[in-house]
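Asker: here is my input; please provide its structure:
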Amino acid sequence: MEIPEGVANEIASYAERSSPWMKFLGVLSIISGIIAAFTIVGIVIAWLPIWMGVLLFQAGSFAKKAKEENKGEHLAGMMKKLKTFFLIDTITVIISIVFALIAIALGILGGLGGMRGFGG
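Answerer: Model (predicted):
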């Protein structure tokens, strides 16, 4: 199905207006990754926010080019970068939730084990 020209222009217009925000969030993500790299634990995972920041910055650049050059490939490039960003972000959130649940379970078990010591 072909996208009508007016709809494509509207999408490109929204993409262009979101471009500065994608780039700004990308820069913040890169900075947070660099800061994380200065810690012992952070150096292991610092590449992740840096990579996600680069993806957002690239998506913002594609969004701006899409409106300026009126080319659909730039919109497709933006969406490809955003797809990868959201995939990585989703996997990261799922892993974080799993680790949080494990920490809660260990905290409850540790608390129950500590209570046993007070009763006897």
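
Asker: tell me the pLDDT at His74?
Answerer: As predicted, His74 sits at a pLDDT of 91.

Asker: in terms of helices and strands, where is it?
Answerer: When elements are assigned from DSSP states H and E, His74 belongs to helix 72-119.

Asker: next one: that helix to chain centre, how far?
Answerer: A distance of 13 Å separates the centroid of the chain from that of helix 72-119, by C-alpha atoms, centre = their mean, to the nearest Å.

Asker: packing partners of it?
Answerer: Helix 72-119 is packed against helix 5-36, helix 47-69, with contacts defined by 3 or more C-beta pairs under 8 Å, 6 or more residues apart in numbering; DSSP states H and E. The C-beta positions use only the backbone N, C-alpha and C, and glycine is treated the same way.

Asker: for Gly72, what are its contacts?
Answerer: Contacts for Gly72 were tallied using C-beta atoms under 8 Å, 6 or more residues apart in numbering; they are Ala8, Ala66.

Asker: on that earlier part again, among the helices and strands packed on helix 72-119, which is the most enclosed?
Answerer: helix 47-69 (a mean of 20; mean count of other C-beta atoms under 10 Å).

Asker: relative to Val41, how far out is the residue nearest to the spatial centre of the chain?
Answerer: Centroid check for the chain by C-alpha atoms, centre = their mean gives Asp89 as the closest residue, at 4.3 Å. According to C-beta to C-beta, to the nearest Å, Asp89 and Val41 sit 20 Å apart.
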